[in-house]
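Asks: My questions are about this predicted structure, shown below with the sequence.
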Amino acid sequence: MGTYMTANDVAAFIKLSLTSVRRLTMNKQIPSYKINRSVRYKLDEIETWLESRKQAVVADTAKINDAQKCARTGEGVNEINVTGHTPQKMLNEEKGKRGGNV
C-alpha cells in the first residue's frame, strides 16, 4: 500500500516550507491524494517526483552551459534553437532570471 505523509512530513522530507508544498499541491505540480478533507502524499511517489525534478535541472544546466560556451567562443551565435532564440539571447534571459549571475 505504501507510506502516506502529510504536507508537514513532505515539507520536512524535501526541505521546503509548508507554504511551498501547499502551493505545489494546489498547482498540481506534486503528486497528492485528497482523502475527505485531508491531503496525503505517497512517499515513493514523492521520491520519484524528486528524481524527475533533478533530471530537469540537470538538462537546464546543460542548456545554460552550451549557451555560455557559444557566447564565449562565438560558435553558433547566429544559429537559432527551437524556441527561436540565439545562444546569446538565451544566456541574457538566464542572467535576467537570476539577477545577473549565471
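Replies: Arrived safely.

Asks: which residues does the closest residue to Lys42 other than its chain neighbours contact?
Replies: Spatial nearest neighbour of Lys42, chain neighbours left out: Gly2 (4.8 Å); criterion: Cβ to Cβ, 6 or more residues apart in numbering. Every residue, glycine included, has its C-beta placed from N, CA and C. Each residue near Gly2 by Cβ atoms under 8 Å, 6 or more residues apart in numbering is listed here: 42-45.

Asks: Looks to me like Gly2 is in a strand.
Replies: No: Gly2 is assigned coil when assessed by DSSP: H, G, I helix; E, B strand; the rest coil, not a strand.

Asks: Would you quantify the distance from it to Arg40?
Replies: 10 Å (Cβ to Cβ, to the nearest Å).

Asks: repeat for Trp49
Replies: 14 Å.

Asks: How about Tyr4?
Replies: From Tyr4 to Arg40 the distance is 4 Å (Cβ to Cβ).

Asks: which residues are in contact with both of the two?
Replies: What both Tyr4 and Arg40 touch, as defined by Cβ under 8 Å, 6+ apart, is the set Tyr33.

Asks: Show the low-confidence segments of this structure, by residue range.
Replies: Along the chain, segments meeting pLDDT under 70 span 1, 56-58, 70-71, 74-91, 94-102.

Asks: what about 90?
Replies: Of all residues in the chain, those with pLDDT under 90 make up the ranges 1-2, 51-102.

Asks: That one: helices as residue ranges?
Replies: Using DSSP state H, the helices of the chain run over residues 7-14, 18-26, 43-73, 87-97.

Asks: Same question for the second one: list its buried residues.
Replies: I take that to be helix 18-26. 21-22, 24-25 (16 or more other Cβ atoms under 10 Å).

Asks: how many degrees apart are that helix and helix 7-14 in direction?
Replies: Counting by axes from the mean of the first three to the mean of the last three Cα atoms, to 10 degrees, helix 18-26 lies at 100 degrees to helix 7-14.
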